[in-house]
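J.: structure here, sequence nowhere to be found:
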């Protein structure tokens, strides 16, 4: 059975998920997995669907675009690659990287670039703008998987270089410390 | 996924609230080092410690880096030297002390503990030799710590040992007089000493302990204080019961850090993980103080009326939270109130809010005793012994550990300031009321029999 990936963007309001789910139901698509979030005023959702009735992709795409577009939502749907297109798994350890400093264009590109250079995969990324301080500070939280072949000291050095360039404070800690102090 | 709050609160604990792993202590059994040739014995001891501790400091630093939580002190505890060196005379035990000191230096640890004797019911030959060796051993080493257990709930109080320790403390003070009697800061007299304390100066490896073991001590007074402050700000009418719950939860979080990191250090070193000592251990820094917790809970200073009640509540909440966080809780596990090692407590004593008698009362509800208390140089050995005896009685009757780390500073008077340096801190000398009024009682000697509480079988 074919799997599809659907992403939906739009201004947040009550009823968005209900609208999406209702259209999918009418198309015979089952929601297998989904994640949604709200950033400031904007809704974003990503859905993995199974195309149970094997309807053509263009029919599904058109129906979703027409019906959800009418509600002011932007839709993109495509076929999901075999195995999710996942690269061969490398052994890794979970770490959390945070940065704090003045909000500047290019800093997230630089931090994520430093992570990418060492093949460190970002699992979850959040940026929080602190407007109460002048200049505005941006805190970033990256949950990452660090390949076991990468030394923590090398990653730290890379992050230190970026942090110097953008005047940031940064931390890098194994994720277990956050779990130990927060989860029972 | 972690929530923003989870990430931020953990970062805050480490960065702003001085959360660290206060000590990772490697226990090393010395029983297999014994030889009838003193030089060979010393060589065996040195080699074994250096071998087992070779990677201790580097491993602790690596784990500290991995989790972003510094391991402040790395230490070694050994089997009680009075037992392993029972055949040696005092002068040979002083040599053994120097060997332990050299091994600690080679392993790059801060302290080595275990120059110890257990004499609650009487002395063996080795115990007497060790106690005789203590002053010179502490005066000629820099990293050695010594402890003597003189009382227990099971055995009562060995008053001969109490008097002997009063004299030993005086002599140690004299031999280290040029350093404000620093030797006494590394000498503790105990009742009910635990076998697995990771904190100095009381750490030694008990006779029932494994060949080698990692015991860890957490810190966290700053974290507890900030949690109380935040709760009070969010809810101005918060009650003590609710605050106790907050302390409990905070202690749980802090202890989990010790458990996580201690197990990993032990795993990497290939030795058993022993216990987490969940004591709130302060340092002489602002924001890392047990005394400040008293102020956050509404007292003007530690030592004013209400202090014993506050300490009882804090100590109990810390235990409850810590016990939930780890199934291997041990050591002292409560709240420490070491006068010179906690800036806020030292100031409360200097300003007259905290006197020796109030401190003693407070030790009946916390995990240690009269700790790092600087006293006038003219305090007699009998008076020191009297103070120790009182402290031991509290431990004996309440079935708990109590200890006395008393520092009579030669040539100095009450109100004068003394400096010990580093984590040992600085303090104003506390006055001793009724000096030299206990001699007849102390010189009587013998055993104070085990109390009725001992008959629990």
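T.: Looks like it arrived, so ask away. Since the structure is predicted, the reported quantities are computational estimates derived from the model, not experimental observations. Numbers count the residues shown, from 1 in each chain, chains lettered A, B, ... in the order given.

J.: OK, contacts around the residue of chain A found nearest chain B?
T.: Closest to chain B within chain A is residue A:173: 3.6 Å, counting by CB to the nearest CB. Using the backbone N, CA and C atoms, a C-beta is placed for each residue, glycine as well. Residues near residue A:173 by CB atoms under 8 Å, 6 or more residues apart in numbering or on different chains: A:95-96, B:66-69.

J.: by neighbours, which of those wins?
T.: Neighbour count (other CB atoms under 10 Å in any protein chain shown) singles out residue B:69 as the most crowded of those, with 26 neighbours.

J.: any idea how far it is from chain A?
T.: 6 Å (CB to the nearest CB, to the nearest Å).

J.: let me see the contact set for that residue.
T.: A:173, A:177, B:14, B:19-21, B:257, B:261.

J.: thinking again about what came up before, any chance of the contacts of residue A:173 in a markdown table with distance to residue B:338, secondary structure and pLDDT as columns?
T.: Below are these laid out as a markdown table (distance: CB to CB, whole Å; DSSP: H, G, I helix; E, B strand; the rest coil; pLDDT from 0 to 100):
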| residue | distance to residue B:338 | secondary structure | pLDDT |
| --- | --- | --- | --- |
| A:95 | 36 | strand | 96 |
| A:96 | 34 | strand | 96 |
| B:66 | 30 | helix | 96 |
| B:67 | 27 | helix | 96 |
| B:68 | 27 | coil | 95 |
| B:69 | 22 | coil | 94 |
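
J.: contacts for stretch A:18-38 next, please.
T.: A:3-4, A:6, A:8, A:12, A:17, A:43-53, A:55, A:59-60, A:63-64, A:67-68, A:71, A:73.

J.: what do you get if the cut-off is 7 Å, keeping everything else the same?
T.: By CB atoms under 7 Å, 6 or more residues apart in numbering or on different chains, the residues outside stretch A:18-38 that reach it are A:4, A:8, A:12, A:17, A:43-53, A:55, A:60, A:63-64, A:67-68, A:71.

J.: please identify the helix or strand for residue B:166.
T.: helix B:159-175 (DSSP states H and E).

J.: what's that helix packed up against?
T.: Where contact means 3 or more CB pairs under 7 Å, 6 or more residues apart in numbering or on different chains; DSSP states H and E, helix B:159-175 is packed against helix B:125-139, strand B:144-152, strand B:187-191, helix B:381-397, strand B:402-409.

J.: which residues belonging to it are considered buried?
T.: Buried positions in helix B:159-175, judged by neighbour count with 16 or more other CB atoms under 10 Å in any protein chain shown: B:159-173, B:175.

J.: report the outermost residue of chain A with respect to its centre.
T.: Going by CA atoms, centre = their mean, the residue of chain A most distant from its centre is residue A:53, 29.2 Å out.

J.: can you tell me the closest non-neighbouring residue to it?
T.: residue A:28 (3.5 Å; CB to CB, 6 or more residues apart in numbering or on different chains).

J.: please tell me how far that neighbour sits from residue A:65.
T.: Residue A:28 is 17 Å from residue A:65, where distance means CB to CB, to the nearest Å.

J.: so residue A:138 belongs to a helix, correct?
T.: No - with DSSP: H, G, I helix; E, B strand; the rest coil as the criterion, residue A:138 is assigned strand and is not in a helix.

J.: would you confirm that it contacts residue A:103?
T.: Yes - in this structure residue A:138 lies within contact range of residue A:103 using CB atoms under 7 Å: 4.0 Å.

J.: mutual contacts of the two, please.
T.: residue A:129.

J.: looking at those two, which one has more neighbours?
T.: residue A:138 (19 against 16).

J.: spit out the contact partners of that one.
T.: A:101, A:103, A:127, A:129.

J.: and residue B:219, by the same measure?
T.: Residue B:219 neighbours (CB under 7 Å, 6+ apart): B:18-20, B:22, B:281.

J.: that one and chain A, how far apart?
T.: Residue B:219 is 14 Å from chain A, by CB to the nearest CB.
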